[in-house]
Every structure is written in structure tokens, then in C-alpha cells.
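> just to be clear, the model below is a prediction. Sequence and coordinates:
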Amino acid sequence: MQETSIIISGFGGQGTLFAGQVLAYAALENNLEVTWIPSYGPEMRGGTAHCTVIISSEPIGSPLVRRPDVAIVMNLPSLDKYEPLVQSHGVLVANASLINRGLERDDLKHIYIPANEIAEEIGMSRLANMVMVGGMLYLKPILSLKAVQASLERHIPDRHRKTLPMNFEAMERGYAFTQEALVQTAS
């Protein structure tokens, strides 16, 4: 596996840092090299929060990412900031619930997922982050959906353990939404 850099960005409170942690733990548990760098500060009060995750089968030279391979953008300010930075032929997963414009680039593999609506259908609006992770795993299968779910089960805080089935469903729905959307586009 080659090195893959991922930026996950959204409003503070959307679970961007947690989504990055879940991917980082899953990578570690699958014997891959990983870095996870969260962004703290005023973002935690409703501004844009983000984290960077790098996953590789080889040692990682630098944890800094200027041009990510993948961007998961949960809101419009995140799309505005990271769309220009994603590497050509990279992956962009956008939250259609909070983004009201299309991409300006045509060299990215991308999907718009109505993550907030899917999370609300499941019964917990805070699961939009896991819907987006599921979609990303379909477009860029650096880890299997089952591996990420198994890792989440081992690392979810006890106070949130009762939400585990909904977290699993959120990932599965994001994965399936992306798969179905791409099949429809191809036909």
C-alpha cells in the first residue's frame, strides 16, 4: 500500500477529529504506519475543525500534508479550503447536506453524500461523520469497512457503547450510498 494522506474537515462538533481517530486506530490495528494530527483552538467553538491522517505500509517521512490524497469535507468552508489542495486524481467526499455548490475541478473522484439526512434517518444526527467515512472507504479502500468497524468497537468510549450499532449502520449506509451512486453514474 502506498502512503495515503487524508484531511477531514468540518464545523467544530461534527466529529471530524473522531472520524480521523477511528481511521488511525484501524490502520494501527492492521499493522500500518499512521499519523493523526488534530486541529484544536477556536475551531472547537463552531469554526472549522480538521485533522490530518496519513496511512502507509512504509515509515512516514513527515506528518505534514500540503496536498492531500483524500479530503472529507463536512461543510462549505471546508470544501472552499481543501478542494484546491487535493492532489490531481485524488478523492473528495462532500456532505451534500451542507454544501450548495458543485466542484470547480474535474480531475477528482468525488461523491456528494446527504450525510446529515442519512444520519437523521438512523436516529442520530451526530453520525454524519461516520456516513462520510463509509463513503470514503468505498472510493479509497485503504482499509476495509469491517476493519474500521472492528476498531471502532474496541475504541469507542464506554459512555457511547450503546451507539455502536448506529455507528456501524452509518458507515454501511455511506458505503452503500456511494456504491449505488457510482453504479448509476456508470450506467
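Done, it's in.
> leaving out the residues flanking it, which one is nearest to the residue most central in space within the chain?
By C-alpha atoms, centre = their mean, the chain has its centre lying nearest to V133, at 3.8 Å. In space, and not counting its chain neighbours, V133 is closest to A19: 5.2 Å by C-beta to C-beta, 6 or more residues apart in numbering. Backbone N, C-alpha and C define where each C-beta goes, glycine included.
> contacts for the helix or strand hosting that neighbour next, please.
Using DSSP states H and E, A19 maps to helix 16-29. Helix 16-29 is contacted from outside by 6, 8-10, 33-36, 38-39, 49-53, 55, 72, 74, 129-130, 132-133, 142-143, 147-148, 150-152, 154-155, using C-beta atoms under 8 Å, 6 or more residues apart in numbering.
> in strands only, show me those residues.
6, 8-10, 33-36, 38, 49-53, 55, 72 (DSSP state E).
> ok, so of the residues you listed, who is nearest S78?
Nearest to S78 among the ones in strands among the contacts of helix 16-29 is S9, at 3.7 Å by C-beta to C-beta.
> how much space between that closest one and G20?
According to C-beta to C-beta, to the nearest Å, S9 stands 10 Å off from G20.
> shaky segments in the protein?
1, 40-47, 186-187 (pLDDT under 70).
> how far out from the middle of the chain is stretch 175-182?
For stretch 175-182, the separation from the chain centroid amounts to 15 Å (computed by C-alpha atoms, centre = their mean, to the nearest Å).
> next, count neighbours for D106.
Look at D106: counted by other C-beta atoms under 10 Å, it has 6 neighbours.
> now do the SS call for it.
Here D106 takes the coil state, with states given by DSSP: H, G, I helix; E, B strand; the rest coil.
> what does V93 give?
Once three-state DSSP is applied, V93 turns out strand.
> my read: it touches P68, true?
No - taking contacts as C-beta atoms under 8 Å, V93 lies outside contact range of P68: 11.7 Å.
> longest helix in the chain, please.
helix 164-186 (DSSP state H).
> can you tell me what sits against that helix?
The contact list for helix 164-186, computed with C-beta under 8 Å, 6+ apart, reads 93, 111, 113-115, 118-119, 121-124, 127-128, 130-139, 145, 148-149, 152-153, 156.
> burial measure for A71, as a count.
A71: 27 surrounding residues under other C-beta under 10 Å.
> bridged to it, which residues?
I7, L92 (DSSP bridges).
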